[in-house]
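A.B. asks: my questions concern the predicted model and sequence given below.
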Amino acid sequence: MSMAEAEDRGRGTAVAGGSGPGEEPVPSGEEPAAGGVRRLLENRLVPPGRSLRAKAAFSSVAAFETWWERSRVDPDAYWAEVASELEWFSPWQVRREGELPDFRYFVGGLGNVSTNCIDRHVRAGRGNQAAILWEGEDGATRVLTYRMLLDEVGRLANALRALGVGRGDVVAIYMSNIPEVFVAVHACYRIGALYSVIFAGFSAEAVRQRLLDAQPKVVVVADGSRRRGQVLPLKATLERAAAGISSIEHVVVVRHTGVELPMTPGRDLWYHELVAAASPDCPPEPMEANEPGFIIYTSGTESKPKGVVHAGMGFLVGTYANVKWALGLTPEDVYWCTADVGWLTFPIFALVGGMAHGVTQVVYEGALDWPTPDRLYRIVERWGVNKLFTAPTALRMLRRLGEAGLEGHDLSRLELIALVGEPLDPETWNWVRDHLGKGRPAGDELFINNTYGQTETATAWTCSMVGLTPAKPGSAGQPLPGYVARVVDEHGAPLPPGKQGYLIITHPFPSLARTVWGDHGRYLETYFRRFPGAYFTADAAVQDDDGHIWVVGRVDDVINVAGHRLSTMEMEAALLDHPRVAEAAVVGATDPVKGLVPIAFVVPRRAAGDGEGVEEAALAAELSRRIVDAIGPIARPERIYVVPTLPKTRSGKIMRRLLREAVDQGSVHGDTSALENPEALEVVLATVRPAAGAEPSTKS
């Protein structure tokens, strides 16, 4: 649906979001339950404001629509057009060879990610432009220009070469959101080494699992990281994690927090001493377009995380295009991606995709609500951010803070908020547009771009094209050019608009993961067994008459209750519509009669312990009625637990997989390495395992 067709449509509400692949398929192609997903497809198309339209890549709607149709007919020609906007040392001989799952793009083409993200901006005369505006949780700030960044990257790249790191070697990077993580990543790209960023919030055992699998030659680690007023001792954690791993020849330590730490003579080296002694001039390694660029580990239902491998130049092409359409970044923008560097959102939209567009980026290390709940507003105002990429959880946090949190903050420059990860409920969508965009003039309202993507796709491949196509509150937008997606039934047959089914991608694209590190069979089994010749997202979705994708949950989040298909995300939207509910999660629990039954967890806007148990029971009953009214009696939750917190990743994503395990087994045995707040899991387990013979007070 184009911008020109977005006029005079009625406004509505809905939910959608992104997730990662799962394992268990469910039947598809049925009509949703009465009052169900059909309700989601009635939303008004919301066109972009005039400031975004004025900066769009196409000046006329007709020219854009002609180009868009051409890109849909020939996706490979589109990808070649995108790749030609970047710099290559040698041109490719073959645009694409092979099909899913065995394919290659730009065969024979030689390039380097770091030169496209840094060097070419310096050569274009923007060396003195700020590349990174860094702010620490303690208020410290640093500014790095593109020229400064190029110098530092060259020095570290030469230092790594002197340590024996070369093409194809693995370097583990264990740091939080500090400027040195940009330097380390692009130093690896520069010399052709594979990097693997390890989330700074992981336990020693989780770090060890990833080191054992990747077998890095060098680890670059910060002495510590700051979060919620505490210093996390990263180097000390690494000591426990790396014990006995013979592949690690050197540990390069970044002095960041100044904590005391042990240094192993001969193995451990100070970052600042290495770069000071090295030359800034480091010729980039010409890399073939399909050579591996990095490993990123994903958590799943199995205890062992899998290392997804992406091609370096393929990732660059995909993320460059993704940022171009999802954010419309230019060197004039001040842009902030709030994600943690340990999750692929940050490499896509900041480390590579963002830098490829020569933007000035705000980088923040710390919690978005520390030491005061309005920290996000303060950062946006301080640096004059006009484009923000964040998680729906952050926006729900702001809504929970209320209008009072906005007082005294000037957010008038903010024109775009993009999102990925969790579904953004319609109430929050509208609250953010109305309140964070309150100072914007009519016709130039704040634009909210909900996107959908996965670690494996390395792009948020469905979204609105900023300034060009409209949004629908809650929809994930339309597939971007270059992506051929289908909603299909259990046999792989395409379904008509409005029918719920499996979401698959049927055509290759450059940024799709190429293998699982050390286990190609696991790659084929996980992503291509269910629908041969197509990448299986393991998400259930509906495509509406306008071509918008509505992701209604992972296939294991679309539950069958007595033969009725129910979207847990839609139930969550009904819960979040209640003024006393700040967060909600719904999962399916095994039932001997109905097969599965919905179980809901809610976090109230007040602390859970403020009232008597009877108040919580009354709230649960009220919420149960709300779901029945919104969807139907079949969706009535078996139980509603009112809890003070929910288990989340550092990026704020609720770990529903752990909730499913908790309600089904009373314990959790899967991978918990991505969990930031283990105490929340203990609260949940204590809640779902009441004393023998006692019913939970929050049962509906």
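C.D. replies: It's in.

A.B. asks: now do Ile631, the pLDDT please.
C.D. replies: pLDDT for Ile631: 74.

A.B. asks: burial of it, as a residue count?
C.D. replies: 25 (other CB atoms under 10 Å). From N, CA and C alone the C-beta is placed, and that goes for glycine too.

A.B. asks: what does Arg636 give?
C.D. replies: Neighbour tally, Arg636, other CB under 10 Å: 17.

A.B. asks: what's the answer for Asp519, then?
C.D. replies: Using other CB under 10 Å, Asp519 has 15 neighbouring residues.

A.B. asks: how close does the residue nearest to it when sequence neighbours are not counted sit to Ser475?
C.D. replies: Leaving aside its chain neighbours, Asp519 sits nearest to Lys306 (7.2 Å; criterion: CB to CB, 6 or more residues apart in numbering). Separation of Lys306 from Ser475 (CB to CB, to the nearest Å): 30 Å.

A.B. asks: those two: which has the busier surroundings?
C.D. replies: Neighbour totals were compared for Lys306 and Ser475, and Ser475 leads with 29 against 24 (other CB under 10 Å).

A.B. asks: so where does that one fall, helix or strand?
C.D. replies: Assigned by DSSP states H and E, Ser475 belongs to neither a helix nor a strand.

A.B. asks: distance of it from Ile448?
C.D. replies: 11 Å.

A.B. asks: one more: Asp546?
C.D. replies: 17 Å.

A.B. asks: quick one: which of those two has more around it?
C.D. replies: Ile448 (23 against 19).

A.B. asks: what's the closest non-adjacent residue to Pro479?
C.D. replies: Nearest to Pro479 is Ala485, by CB to CB, 6+ apart, at 4.5 Å.

A.B. asks: check contacts around the one you found.
C.D. replies: By CB atoms under 8 Å, 6 or more residues apart in numbering, the contact list for Ala485 reads Trp461, Thr462, Pro479, Leu503, Ile504, Ile505, Thr506, Ile549.

A.B. asks: which neighbouring elements make contact with the one helix or strand the second one maps to?
C.D. replies: According to DSSP H and E, Thr462 maps onto strand 459-463. Applying 3 or more CB pairs under 8 Å, 6 or more residues apart in numbering; DSSP states H and E, one finds that strand 459-463 contacts helix 312-326, strand 452-454, strand 478-479.

A.B. asks: can you rerun that using 6 Å?
C.D. replies: helix 312-326, strand 452-454 (3 or more CB pairs under 6 Å, 6 or more residues apart in numbering; DSSP states H and E).

A.B. asks: among these, which gets the worst mean confidence?
C.D. replies: Taking the mean pLDDT of the helices and strands packed on strand 459-463, strand 452-454 comes last: a mean of 93.

A.B. asks: give the buried residues for that strand.
C.D. replies: Across strand 452-454, burial judged by 16 or more other CB atoms under 10 Å covers Tyr452, Gly453, Gln454.

A.B. asks: list the strands paired with that strand, with their directions.
C.D. replies: strand 459-463 (antiparallel) (DSSP bridges).

A.B. asks: what does the strand it pairs with rub up against?
C.D. replies: 318, 322, 326, 420, 449, 451-453, 476-477, 479-480, 483, 511, 549 (CB atoms under 6 Å, 6 or more residues apart in numbering).

A.B. asks: from those residues, which is closest to Gly384?
C.D. replies: Nearest to Gly384 among these is Asn449, at 20.0 Å by CB to CB.

A.B. asks: find the nearest non-adjacent residue to that closest one, please.
C.D. replies: In space, and not counting its chain neighbours, Asn449 is closest to Ala418: 4.3 Å by CB to CB, 6+ apart.

A.B. asks: wait, isn't that neighbour in contact with Lys387?
C.D. replies: No. Counting by CB atoms under 6 Å, Ala418 does not reach Lys387; the two are 7.5 Å apart.

A.B. asks: shared neighbours, those two?
C.D. replies: Leu327.

A.B. asks: so what's Ile173 up against?
C.D. replies: Residues in contact with Ile173 (CB under 6 Å, 6+ apart) are Ala184, Tyr195, Val197, Val220.

A.B. asks: any chance of those in a markdown table, with pLDDT, secondary structure and neighbour count too?
C.D. replies: Shown next, in a markdown table, are those (pLDDT from 0 to 100; DSSP: H, G, I helix; E, B strand; the rest coil; neighbours: other CB atoms under 10 Å):
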| residue | pLDDT | secondary structure | neighbour count |
| --- | --- | --- | --- |
| Ala184 | 98 | helix | 31 |
| Tyr195 | 98 | strand | 26 |
| Val197 | 97 | strand | 27 |
| Val220 | 98 | strand | 29 |
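
A.B. asks: and the two most separated of the residues you listed?
C.D. replies: Val197 and Val220 (9.8 Å).

A.B. asks: pLDDT-wise, which helix or strand of this structure ranks last?
C.D. replies: Within the chain, confidence by mean pLDDT, DSSP states H and E is lowest for strand 564-567 among all helices and strands, at a mean of 65.

A.B. asks: the stretch 151-300 of the chain: strands as residue ranges?
C.D. replies: 170-174, 194-197, 218-222, 225-227, 230-232, 250-254, 268-270, 287-288, 292-298 (DSSP state E, counting those that start in this stretch).

A.B. asks: show me what the second one packs onto, helices and strands only.
C.D. replies: Going back to what we said before, that points to strand 194-197. So strand 194-197, by 3+ CB pairs under 6 Å, 6+ apart, packs with strand 170-174, strand 292-298.

A.B. asks: what of the fourth one?
C.D. replies: In terms of contacts (3+ CB pairs under 6 Å, 6+ apart), strand 225-227 is not packed against any helix or strand.

A.B. asks: now do that strand: distance to the chain's middle.
C.D. replies: Between the centre of strand 225-227 and the centre of its chain there are 21 Å (CA atoms, centre = their mean, to the nearest Å).

A.B. asks: tell me the pLDDT of the one residue sitting closest to the centre of the chain.
C.D. replies: The residue lying closest to the centre of the chain (CA atoms, centre = their mean) is Thr345, at 4.0 Å. We have a pLDDT of 93 for Thr345.

A.B. asks: and Asp425, by the same measure?
C.D. replies: On the pLDDT scale, Asp425 gets 72.

A.B. asks: my guess is it meets Ala573, correct?
C.D. replies: Yes. At 4.8 Å, Asp425 counts as touching Ala573 under the criterion of CB under 6 Å.

A.B. asks: ok, Ala680 - contacts?
C.D. replies: Per CB under 6 Å, 6+ apart, neighbours of Ala680: Thr645, Leu646, Pro647.

A.B. asks: and it, that one's in a helix?
C.D. replies: Yes. Applying DSSP: H, G, I helix; E, B strand; the rest coil, one finds Ala680 inside a helix.

A.B. asks: if I look at it, how far off is Tyr377?
C.D. replies: The value you get for Ala680 to Tyr377, if CB to CB is used, is 25 Å.

A.B. asks: what about the helices in the stretch 251-400 of the chain?
C.D. replies: For the stretch 251-400 of the chain, the helices defined by DSSP state H, counting those that start in this stretch cover 271-277, 312-326, 345-346, 375-383, 392-401.

A.B. asks: the inter-axis angle of the last one versus helix 375-383?
C.D. replies: Orientation note: helix 392-401 sits at an angle of 100 degrees relative to helix 375-383 (axes from the mean of the first three to the mean of the last three CA atoms, to 10 degrees).

A.B. asks: coming back round to it: can you list the helices and strands packed on strand 194-197 in CSV and add distance to Arg227?
C.D. replies: Converted to CSV, the helices and strands packed on strand 194-197 look like this (distance: least, CB to CB, whole Å):
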stretch, distance to Arg227
strand 170-174, 15
strand 292-298, 20
